[in-house]
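Asks: Everything below, folded, please.
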Amino acid sequence: DEHAQIDQALAEALDFLRLAASLAVAPIPPKLVVQVFARLDGLDDPRALARARLALLQTERASLSQKKDEGNALVHALVSRVVRFRDPHLHRREQILMIALEVLRSTLVAAADIRAHTELAPYVVHARQLVGGELGDPVMASVAGWIARFDYERGNYIESESLARRRLAACTAWWGELHAETLLAKGDLARALQAQGRTQQARVLAEEVAEGRGNLLGAEHPDTLTALNNLAGILHATGELRRAAETHLRVLEIRRRILGPDHEHTLFSVNNLGTALAALGDHQEARGCLEEVLESRTRLLGASHPDTLSSRASLGQLLFEMGDKDAALHELRETYRLRVQTLKETHPSTAFTAASLARALIATGHLEEAETLLRPALHHCRDALGGSHPTCCLLANNLGKSLAKQARPAEARPLYEEALEGQTQIAGARDQFTMKFAANLTETLLALGDNERANLIFEQYLRWLVAESPPADQRPERELLEQAITLQKAIQQPQS
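Replies: Numbers count the residues shown, from 1 in each chain. Sure thing, here's the model as predicted:
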């Protein structure tokens, strides 16, 4: 029977079964087995590989495991259960568990690069199993942090937030608020919150991380500069554009001096400064930054690298704002094509690129193409992020615009309403995007003859633009202000 087969297994096979008993009931990569065996008994790579092969062969011949795709081995759930409850060598199994965590931690460092995710996926399954309960030690907490990064890069922001919160709670309990690991966990949580559009919560955490790292590590430490860069990104998202640009510039100057012009962190700063300058309307300076970083990243990383695509998307959006719509369309089409190729259609970055591309398509009269692009993108975004995410709101608004411009206002209306409701929840009534969505909805309501509802939306979101002199940091784009004035006149006209 199975008990007898397990008892008869060789030592190598037993150690593999002990490993499997701690992991998920899922295929185990042979490479993971090799790495655990190497650390377990101090073996060099050839001896660890030979021992792992023997263990896998023994368990397969004894019908205790099955070979799956890519040579991965699946140990039957009943076998793992027997090992957990009958293995007398508890210390050995605990030792294997701790080594497995170490191996997973070192392997999952690659989670920051989404191109490695296909290879990492089977490791992540087992890592989740190991951190499913209490995070009992720093290695386990670190593994949880890398799974959170894996989830973040794939657009699974809610799962990323959950793991980041657990890790932060554990680090705070062990080391207090100001320890480097605690600040790292807090920064990861801020990133997950920002990605969900919860920018005010993210900002509080990001400011704490930047201040804490500055005090702990010094103003020019790489981790301090990363914290300042992340804070600047959140300031940009909350509308504090001038402070965001100033912070990006300060970080860039230090990184260029210390790291050189081609370092990945320097290039991040050039790209981020470019997007901040673009938001401030300094288009020529922004274009110089974005073209510089696109050339550098293409040369150093390749055309399809996620960072290169981020730069290309930013340049495409800027070209659109500068009125060069054909060039913008070219850059955004290419970015979208490569993002679908590398990240798939369901990834949030692909969805955001779809929104930007659709905006350019609408502006150049490609309305049916925009509609065809936006419908599946919005569906994927709702599934992945929920309706009240900034990217979902933008997609809904743009789809509404493509329909409105095709003289289909009744179909556009619910999409504009969805966009406005979601963006109001995220950023409030005086956010630039909220007001744009409100103006589009008001215009469509007037086209449908619902002047009463149009007036209510105008009064709630747009009246203050034409009745007051907004402060500099809340001053709307000229196009939005002109649209609000036109809508006010239309609402005031007597109905025929």
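Asks: how about low-confidence regions in this structure?
Replies: When residues are selected by pLDDT under 70, those of the chain lie in 1-11, 468-477, 494-496.
Asks: same thing but 50
Replies: Regions of the chain meeting the criterion pLDDT under 50 cover residues 8, 473, 496.
Asks: Do I have it right that residue 370 meets residue 402?
Replies: Yes: the pair formed by residue 370 and residue 402 meets the contact definition of C-beta atoms under 8 Å, at 4.3 Å. Where you see a C-beta, it was placed from the backbone N, CA and C, and this is true even at glycine.
Asks: shared neighbours of these two, anything?
Replies: Listed contacts common to residue 370 and residue 402 are 358, 361, 362; contacts here mean C-beta atoms under 8 Å, 6 or more residues apart in numbering.
Asks: Show me what the helix or strand hosting residue 193 is packed against.
Replies: Secondary structure assignment for residue 193, by DSSP states H and E: helix 180-195. Using 3 or more C-beta pairs under 8 Å, 6 or more residues apart in numbering; DSSP states H and E as the contact criterion, the secondary-structure elements in contact with helix 180-195 are helix 138-153, helix 157-175, helix 199-217, helix 222-237.
Asks: Could you export the second one as CSV, CA atoms only?
Replies: Taking C-alpha atoms only, helix 157-175 is exported to CSV below (Å, rounded to 0.1, in the frame of the first residue of the first chain):
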residue,chain,number,x,y,z
TYR,A,157,-3.8,45.2,-7.2
ILE,A,158,-6.3,44.0,-4.6
GLU,A,159,-4.3,40.8,-3.9
SER,A,160,-1.1,42.9,-3.9
GLU,A,161,-2.6,45.3,-1.3
SER,A,162,-3.6,42.4,0.9
LEU,A,163,-0.2,40.8,1.0
ALA,A,164,1.5,44.2,1.4
ARG,A,165,-0.7,45.0,4.4
ARG,A,166,0.1,41.6,6.0
ARG,A,167,3.8,42.1,5.5
LEU,A,168,3.7,45.7,6.9
ALA,A,169,1.9,44.5,10.0
ALA,A,170,4.5,41.8,10.6
CYS,A,171,7.5,44.1,10.0
THR,A,172,6.0,46.8,12.3
ALA,A,173,5.5,44.3,15.0
TRP,A,174,9.1,43.0,14.7
TRP,A,175,11.0,46.2,14.2
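Asks: any idea how far stretch 351-359 is from the chain center?
Replies: 16 Å (C-alpha atoms, centre = their mean, to the nearest Å).
Asks: again with stretch 178-195
Replies: On C-alpha atoms, centre = their mean, the centre of stretch 178-195 falls 14 Å from that of its chain.
Asks: For stretch 86-100, buried residues please.
Replies: When neighbours are counted by 16 or more other C-beta atoms under 10 Å, the buried residues of stretch 86-100 are found to be 93, 96, 97, 99, 100.
Asks: Now, the residues you listed that are in helices?
Replies: The members of the buried residues of stretch 86-100 that map onto helices under DSSP state H are 93, 96, 97, 99, 100.
Asks: Hmm, residue 40 and the fourth one touching each other?
Replies: So that's residue 99. Yes: in terms of C-beta under 8 Å, residue 99 counts as a neighbour of residue 40; the distance is 5.6 Å.
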